[in-house]
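Student: Structure for this input, please:
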Amino acid sequence: MEIVTYIVQGQLTHQDSMGTSESLGRGSVQFMTAGTGIRHSEKNGGADPLRFIQMWLVPKANGLTPNYGSMCGTKISFDNQWAHIVSSTESDAKTPVKINCDANIKVAELKENKSIEFSLSKSRQAYFLAVEGSPVVEGEFGSQKFEQHDAAELYGEEKFKISGPGHVLIVEMDSDGEGGRSDI
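Tutor: Numbering: from 1, shown residues only. Purely as a prediction, here's the structure:
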């Protein structure tokens, strides 16, 4: 399993059986390849409340060597622009975090009346999350306002306009060709 954690608020402290121990704050990313096995713990390492988004992604192969890495949130800029923070180890994209699966993760913090675009090709899909604020997503379907913690699946060849205010996260990946949840 490829596990990617994006810290929204507070300090996330990680320790594992490979000897890694660190604390990360807002805008930071940690990743872990569970692979053939790793023991780890995560806890609130500070006095402030801790909020994070943790994504579990299926790796490109089984039996991978366990791995851990991170990126400090102060090393990227995502004010009114996309920060491409995660990509595949097989991608030429210049990202601070590389994982063993076909996925791209981008974040942005949009001020009021600021907007950015996101394009999907026909063979891709995306998971959109309103981390904070009340962003609006516009596309061929029309316009949809989101509130904190709202999410949506985006499919098909389309260009989306995302307007602030809002802190947003997108996980873009290969399309499964179906769309929608089948587990409910």
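Student: what residue lies at the spatial centre of this structure?
Tutor: Here the mean C-alpha position of the chain is nearest to the C-alpha of residue 105 (CA atoms, centre = their mean), at a distance of 4.3 Å.
Student: pLDDT weak spots in this protein?
Tutor: 178-184 (pLDDT under 70).
Student: just to revisit the earlier point, quick one: the residue nearest to the centre of the chain and residue 86 touch, right?
Tutor: Yes - Residue 105 lies in contact with residue 86 (CB atoms under 8 Å); the separation is 3.8 Å. Placement of C-beta: from N, CA and C, glycine included.
Student: Now the common contact residues for the two.
Tutor: Contact criterion CB atoms under 8 Å, 6 or more residues apart in numbering; residues shared by residue 105 and residue 86: 4, 29, 97.
Student: need the contact list for the nearest residue to the second one once chain neighbours are set aside.
Tutor: Counting by CB to CB, 6 or more residues apart in numbering, residue 29 lies nearest to residue 71, which is 4.8 Å off, once chain neighbours are set aside. Residue 71 makes contact with 28-30, 85, 96-97, according to CB under 8 Å, 6+ apart.
Student: redo that, cut-off 7 Å
Tutor: 28-29, 85, 96-97 (CB atoms under 7 Å, 6 or more residues apart in numbering).
Student: Dump these to TSV, plus neighbour count.
Tutor: Formatted as TSV, the contacts of residue 71 follow (neighbours: other CB atoms under 10 Å):
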residue	neighbour count
28	24
29	25
85	24
96	18
97	16
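Student: so of these, which ones are in strands?
Tutor: Judged by DSSP state E, these include 29, 85, 97 as members of strands.
Student: Are we agreed that residue 54 is in a helix?
Tutor: No - per DSSP: H, G, I helix; E, B strand; the rest coil, residue 54 lies outside any helix segment and is strand.
Student: Give the buried residues for the one helix or strand residue 167 maps to.
Tutor: Here residue 167, judged by DSSP states H and E, is contained in strand 166-174. The neighbour-count check on strand 166-174 (16 or more other CB atoms under 10 Å) flags 166-173 as buried.
Student: Could you do stretch 101-115 as well?
Tutor: Applying 16+ other CB under 10 Å to stretch 101-115 flags 101-110, 114 as buried.
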